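Trainee: Take this sequence and fold it.
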Amino acid sequence: MRIAFLVDTFPVISETFIINQIVGLINRGHDIHIYAKKRGNMSKYHTDITKYNLLEKTTLLQQTPRSYLWRLVKGIGLFLTNFHKAPLAFLYSFNFIKYGKNALSLRLMYSIVQMLKSEPYDIIHCQFGIHGLEGMLYRDLGVLKGKLITSFRGYDISYYLQEKGDNVYDELLVKGDFFLANCEFFRQRAIKLGCDPKKIVVHGSGIDCSRFTFQTRNITPGEKIQIATTGRLVEKKGIEYAIRAIAKVAKVQPNIEFKIIGDGPLKEHLDQVIQELNIGEKVRLLGWMNQKEIIEILNKTHIFVAPSVTASDGNQDAPVNTLKEAMAMGLPVVSTFHGGIPELVQDGVSGFLVPEKDETAIAEKLIYLIEHPEIWSSMGLSGREYVETHYDINNLNDELERIYHQLSIDKLPAVSETVRTYSLTPQ
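Mentor: Residues are numbered from 1 along each chain as shown. Have a look, this model is predicted:
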C-alpha cells in the first residue's frame with residue numbers, strides 16, 4: 001500500500017512512536033511518504049532515521065514567510081509556476097469564506113505546493129488531531145487522495161480543545177474515514193465530542209520490546225539508589241513534583257540520585273527549584289539523549305518515576321512510552337492517576353500510582369520502594385509482561401496493517417482481542 005504520514009516536525013526524538021510505525025510498515029513492504037512542516041533537531045535522533053533513509057522519504061512543506069509583503073511576493077511566484085499543475089486546488093485554496101485565516105494568510109496555498117505531484121494514496125495517516133484537520137483540507141482540495149485516518153494522542157484532544165473549543169473537530173469527525181486513540185481515556189473523550197464509536201478504536205503507541213532488555217533490579221549494601229525520569233521539561237510531565245519529592249526522600253534516605261533525561265522550556269525553572277531545595281548534588285538535569293543513551297542510564301537505574309499532571313492549559317498524557325520502556329526493562333515505577341496512565345500501570349502490581357501534583361505521596365511511595373527492594377523483581381516482571389502483551393510494536397503494527405487493509409476495502413476495522421481486551425469495537 002501507498003501510505004502518507006502527516007506530521008508537524010520530523011524527526012522528533014520524543015516521538016519514537018511515529019518512527020516505530022513507519023519502520024514497521026516499511027518492513028512489511030509498504031511504500032511510505034512523510035509530509036512534515038519542518039525538519040527536527042538532527043543533533044539527537046533515532047538510529048532508524050539513517051538505517052531506513054527516512055529523510056529521503058520526507059517532503060518538507062513550503063513555509064509561509066513571516067513578512068506578509070515577502071509572503072505575497074513569493075506567493076505570486078509559487079502561484080505562477082505551479083498553477084497549471086492543479087488550477088482548481090489553487091483557486092479553492094483562496095476561498096476565505098470556507099477556509100478563513102488559512103486562505104487569507106496564504107498558508108493553505110503555500111502548504112499544497114509540495115503535494116501537487118503526489119499520486120493517490122491508499123491511506124493518509126494524520127498523526128495528531130491537528131494534522132487530521134489539515135489532511136481533511138488537503139483532501140478537500142484534491143491534492144491528497146486516500147482514506148483519511150487520524151490518531152488522537154494527547155495534547156490534540158486535551159489542551160487543543162481548551163484552546164479552540166469542543167467543536168473544533170466537528171467536520172473532521174464526519175469526513176474522516178477512521179480514528180485511532182492511543183488509550184481508552186482519549187477514545188471516550190472523542191466519542192463524547194461526537195465521534196461515531198464504530199469509527200474509533202484504541203491503538204496504543206508501541207515500543208520494540210527487543211530493544212529494552214529486562215533485568216531483575218536489586219541493590220547491594222551501600223549502593224546509591226538511582227531514580228530516573230524521561231520526558232520533555234513541560235508542565236504536564238510534572239517533573240517539579242518529582243524534584244520536590246526527592247528533597248523529602250533525601251531527608252530519610254540520603255543515599256539517592258535522581259537523573260532527569262530531557263529538555264524543554266522549564267529547564268531554567270527546574271534548575272532554580274533544585275538550587276532552592278539545596279539538592280543539586282542529588283538531582284541532575286541531563287538534557288536530551290538518544291534511545292541508546294537512555295537505555296544505558298536505565299540499565300543502572302533502580303526506580304523510574306513519571307509524575308504526569310493536567311497542565312493549566314488542559315494538556316494531558318496518554319500512557320507515555322517512556323514508562324513502557326522503563327517497565328519493559330524491569331523497573332518498578334511511580335506514576336500518577338492521570339489521563340491514560342492507569343491503563344498502563346497497575347497500581348500495586350507493576351508500580352504505584354498517586355494523585356496528581358502530590359509530592360508527598362510521590363515521596364512516600366519512593367521511600368516505600370527503597371525500603372522494600374524485595375518487591376522490585378515482582379513489580380518489574382509484571383510490568384514487562386504487561387507491556388509485552390499490550391504494547392509490543394510488532395503486534396501493534398500487525399494490527400495497524402489490518403486496519404489499513406480493512407479501510408482500503410471499505411470495511412470498518414475491529415481490534416484484535418489478543419492485543420487489548422478493554423478497547424474492542426464492534427464492526
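
Trainee: how about the strands in the stretch 1-150 of the chain?
Mentor: Ranges of strands within the stretch 1-150 of the chain are 2-6, 9-10, 31-36, 38-39, 58-60, 123-126, 147-152, based on DSSP state E, counting those that start in this stretch.

Trainee: what's the first one in contact with?
Mentor: The set of residues external to strand 2-6 that reach it, using Cβ atoms under 8 Å, 6 or more residues apart in numbering, is 18, 21-22, 25, 30-35, 118-127, 131, 134-135, 144, 146, 404. Placement of C-beta: from N, CA and C, glycine included.

Trainee: repeat that for 6 Å
Mentor: Among residues not part of strand 2-6, those counted as contacts by Cβ atoms under 6 Å, 6 or more residues apart in numbering are 30-35, 121-126, 131, 135.

Trainee: cool, and the second one?
Mentor: Among residues not part of strand 9-10, those counted as contacts by Cβ under 6 Å, 6+ apart are 34, 36, 38, 40, 58.

Trainee: partners of that strand, with directions?
Mentor: strand 38-39 (parallel) (DSSP bridges).

Trainee: Go ahead and name everything in contact with the strand it pairs with.
Mentor: Identification of contacts with strand 38-39 by Cβ under 6 Å, 6+ apart yields Thr9.

Trainee: Can you get me a residue count around Trp337?
Mentor: Residue 337: Phe, not Trp. Applying other Cβ atoms under 10 Å, we find 14 other residues in the vicinity of Phe337.

Trainee: I'd like to know how far it sits from Thr310.
Mentor: With distances taken as Cβ to Cβ, to the nearest Å, Phe337 is found 11 Å from Thr310.

Trainee: ok so, going back, please work out which of the strands of the stretch 1-150 of the chain is packed deepest.
Mentor: Here the criterion is mean neighbour count by mean count of other Cβ atoms under 10 Å, and of these the winner is strand 123-126, at a mean of 28.

Trainee: ok so, going back, among the strands of the stretch 1-150 of the chain, which is nearest Ser105?
Mentor: When those are compared by Cβ to Cβ, strand 38-39 sits nearest Ser105, at 17.0 Å.

Trainee: re earlier: output the strands of the stretch 1-150 of the chain as a markdown table; include the columns mean pLDDT.
Mentor: Written out in a markdown table, the entries for the strands of the stretch 1-150 of the chain read as follows (pLDDT from 0 to 100):
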| stretch | mean pLDDT |
| --- | --- |
| strand 2-6 | 96 |
| strand 9-10 | 90 |
| strand 31-36 | 95 |
| strand 38-39 | 87 |
| strand 58-60 | 91 |
| strand 123-126 | 97 |
| strand 147-152 | 96 |
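
Trainee: need the ones you listed in a markdown table with distance to Lys85, can you?
Mentor: Output for the strands of the stretch 1-150 of the chain, formatted as a markdown table (distance: least, Cβ to Cβ, whole Å):
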| stretch | distance to Lys85 |
| --- | --- |
| strand 2-6 | 18 |
| strand 9-10 | 24 |
| strand 31-36 | 17 |
| strand 38-39 | 23 |
| strand 58-60 | 15 |
| strand 123-126 | 19 |
| strand 147-152 | 22 |
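
Trainee: Go through the ones you listed and name the closest to Gln316.
Mentor: The closest approach between Gln316 and any of these, judged by Cβ to Cβ, belongs to strand 147-152 at 11.3 Å.

Trainee: So which bits of the helix or strand just after that closest one are buried?
Mentor: Sequence order places helix 159-164 as the next helix or strand after strand 147-152, per DSSP states H and E. When neighbours are counted by 16 or more other Cβ atoms under 10 Å, the buried residues of helix 159-164 are found to be 159-161.

Trainee: Need the mean per-residue confidence for helix 159-164.
Mentor: Averaging the model's pLDDT scores along helix 159-164 yields 91.

Trainee: on that earlier part again, what two of the contacts of strand 9-10 have the greatest distance between them?
Mentor: Pairwise distances among those were taken by Cβ to Cβ; the largest, 12.2 Å, belongs to Ile34 and Lys38.

Trainee: Now Cys195. Nearest residue, chain neighbours left out?
Mentor: For Cys195, ignoring the flanking residues on the chain, the nearest one in space by Cβ to Cβ, 6 or more residues apart in numbering is Leu173 at 4.8 Å.

Trainee: Backbone dihedrals for the one you found, please?
Mentor: Here is the backbone geometry of Leu173 (degrees, to the nearest 10): phi -70, psi -20.

Trainee: Roughly how far does it sit from Gln188?
Mentor: Distance of Leu173 to Gln188, given as Cβ to Cβ: 14 Å.

Trainee: Could you pull out the strands in the stretch 301-427 of the chain for me?
Mentor: In the stretch 301-427 of the chain, strands defined by DSSP E, counting those that start in this stretch lie at 303-306, 333-336, 351-354, listed in chain order.

Trainee: could you say what helices and strands the first one packs with?
Mentor: Spelled out, it's strand 303-306. strand 225-230, strand 333-336 (3 or more Cβ pairs under 6 Å, 6 or more residues apart in numbering; DSSP states H and E).

Trainee: Just the CA coordinates for that strand, please, in CSV.
Mentor: In CSV, the C-alpha atoms belonging to strand 303-306 read as follows (Å, rounded to 0.1, in the frame of the first residue of the first chain):
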residue,chain,number,x,y,z
ILE,A,303,13.2,3.1,40.2
PHE,A,304,11.5,5.1,37.5
VAL,A,305,9.2,8.0,38.2
ALA,A,306,6.7,9.6,35.8
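
Trainee: So for Leu173 and Gln188, which residue has more residues nearby?
Mentor: For Leu173 versus Gln188, neighbours defined as other Cβ under 10 Å are more numerous around Leu173 (21 against 15).

Trainee: hang on, that one packs against Asp196?
Mentor: No: counting by Cβ atoms under 6 Å, Asp196 is not a contact partner of Leu173; they are 7.6 Å apart.

Trainee: count of neighbours near Gly340?
Mentor: The local packing count at Gly340 equals 23, with neighbours defined by other Cβ under 10 Å.

Trainee: Verify the stated contact: it with Cys183.
Mentor: Yes: with contact defined as Cβ under 6 Å, Gly340 reaches Cys183; the gap is 2.9 Å.
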